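> next one to model:
(2 chains)
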Amino acid sequence: MIEEVVRYVGLAIVVAGCSVNLIGAIGLNRFRNFYLRLHAATVSTIGGTFYPLVGLALVAFSSSELGSARFFMGGVLLVAAFLLLMLAPAGSHALARATHRAGVARPEPAIADHLSEDRGG
Amino acid sequence: MRRYVPVALLVFVVYIVFSGSVSPYDIVIGAVLAVAVSALTTRFLVSDGGKALSLRRLANLVKYALYYLTVAEFKAHSLVIRIILSRDMPVRPAIVRVPYRAKNPYTIVGSANSITNTPGTVVVDLDTGRSVFYVHWIRAVGLDPETTYREILKVFEEGLSKVFE
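Here you go, the predicted model:
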């Protein structure tokens, strides 16, 4: 009984994550410039990858037909989700910082750019 | 000596979760790895062993993680998803200054990670001399430091200060 509940909660999280991933992809196409697209990419990374990994871990833990291998699979998924949560923002930040420094994409339209003001640009 | 415990514990827990077994083989390998990694890296990672082992701080970290992974992420996702799916995409983008008060590097990195991991805000740069994050904000409510601090950083910094400061 409890295994069924855990499995269906996990599957529900995976389905929700897939929908969020699709919306993130639509946003990536619809947004106008690099910085706005970065927000759509964050939607896909966290809502579309982190939560589904946790959901898959729940599915793995509830699959008793796998025997003791389910703890290995679930553990790997949880560690992967944790590492993603810690490391993904470093990638987004590096992209944003490098783009702003090099000036290859202007943050326009924008109502203010305090970073350029403080750099004297 | 107590300084070396937190890193060793973390490595051991990650190893056991990753291998998914508590057989004697895995426990011995995990313990050996934990001691070796801790001996090599603790001097870069931990300055106050008592703080890292405090149960009250651990409880605060769990509380913060639960709040962040449910309420904060849900709010941020629903805002950006609504913008993506609406017909005219009502964005008000700006790169704003967000002053931070934290002194501990773990709190600063933790808040910056929390900001970047919520859709709608990305830390573009930071100035440690002036204690300012430069945040690209998809729907800027205001540009003055009080508003940006209250809207973007306040809950994250207050939650993490109880863990690391």
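> does any bit of the helix or strand hosting A:Val15 sit next to chain B?
Applying DSSP states H and E as the criterion places A:Val15 in helix A:2-30. Yes. Residues of helix A:2-30 are located near chain B by CB under 8 Å from any CB of the partner chain, namely A:20, A:23-24, A:26-27, A:30. In short, each C-beta sits where N, CA and C put it, glycine included.
> the lowest-mean-pLDDT helix or strand in chain A packs against which elements?
Least confident helix or strand, chain A: helix A:114-119 with a mean of 82, by mean pLDDT, DSSP states H and E. Packing contacts for helix A:114-119, counted by 3 or more CB pairs under 8 Å, 6 or more residues apart in numbering or on different chains; DSSP states H and E, involve strand B:94-99, strand B:121-127, strand B:132-137.
> go through these and name the closest to B:Val13.
Minimum separation from B:Val13 across the helices and strands packed on helix A:114-119 (CB to CB) falls at strand B:121-127, 28.8 Å.
> narrow the residues of helix A:2-30 next to chain B to just the buried residues.
Neighbour counting by 16 or more other CB atoms under 10 Å in any protein chain shown classes A:20, A:23-24, A:27 among the residues of helix A:2-30 next to chain B as buried.
> closest to chain B among these?
Closest approach to chain B among those (CB to the nearest CB): A:Gly27, at 3.7 Å.
> hey, C-alpha coordinates of stretch B:157-165 in CSV?
What follows is stretch B:157-165, C-alpha atoms only, in CSV (Å, rounded to 0.1, in the frame of the first residue of the first chain):
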residue,chain,number,x,y,z
GLU,B,157,19.7,35.5,3.8
GLU,B,158,17.8,35.4,7.0
GLY,B,159,17.3,31.6,6.7
LEU,B,160,20.9,30.9,5.8
SER,B,161,22.3,33.3,8.5
LYS,B,162,20.7,31.0,11.1
VAL,B,163,22.8,28.2,9.7
PHE,B,164,26.2,29.7,8.9
GLU,B,165,26.7,33.0,10.6
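> buried set for it?
Using 16+ other CB under 10 Å as the test for burial, stretch B:157-165 gives B:157, B:159-161, B:163-164.
> tell me which residue is most central in chain B.
In chain B, the centroid-proximal residue (CA atoms, centre = their mean) is B:Gly110; its distance is 2.8 Å.
> element containing that residue, please.
With elements taken from DSSP H and E, the one containing B:Gly110 is helix B:105-117.
> longest helix of chain B, counting residues only.
Longest helix of chain B, by residue count under DSSP state H: helix B:24-45.
> averaged pLDDT, it. What do you get?
The average pLDDT for helix B:24-45 rounds to 93.
> buried ones in the helix or strand just after it?
The element immediately downstream of helix B:24-45 (helix or strand, assigned by DSSP H and E) is helix B:49-52. Using 16+ other CB under 10 Å as the test for burial, helix B:49-52 gives B:49, B:52.
> which residues are contacting helix B:49-52?
Helix B:49-52 is contacted by residues B:2-6, B:46, B:57, B:164 when judged by CB atoms under 8 Å, 6 or more residues apart in numbering or on different chains.
> 6 Å - rerun?
Helix B:49-52 is contacted from outside by B:2-3, B:6, B:46, using CB atoms under 6 Å, 6 or more residues apart in numbering or on different chains.
> helices - which of the residues you listed land there?
Per DSSP H, the subset of those in helices is B:Pro6.
> need the residues of chain A near chain B, please.
For chain A, the residues in contact with chain B (CB under 6 Å from any CB of the partner chain) are A:23, A:26-27, A:35, A:38-39, A:42-43, A:46-47, A:71-72, A:75, A:79, A:89, A:92-93, A:96-97, A:100, A:107, A:110-115.
> rerun that using 7 Å as the cut-off
Neighbours of chain B within chain A, by CB under 7 Å from any CB of the partner chain: A:20, A:23, A:26-27, A:30, A:35-36, A:38-40, A:42-43, A:46-47, A:68, A:71-72, A:74-76, A:78-79, A:85, A:88-89, A:92-93, A:96-97, A:100, A:107, A:109-115.
> of these, which belong to helices?
Counting by DSSP H, those place A:20, A:23, A:26-27, A:30, A:35-36, A:38-40, A:42, A:71-72, A:74-76, A:78-79, A:85, A:88-89, A:92-93, A:96-97, A:100, A:114-115 in helices.
> show me what counts as buried in stretch B:12-24.
Of all the residues in stretch B:12-24, those buried under the rule 16+ other CB under 10 Å are B:12, B:14-20.
> thank you kindly, that will do.
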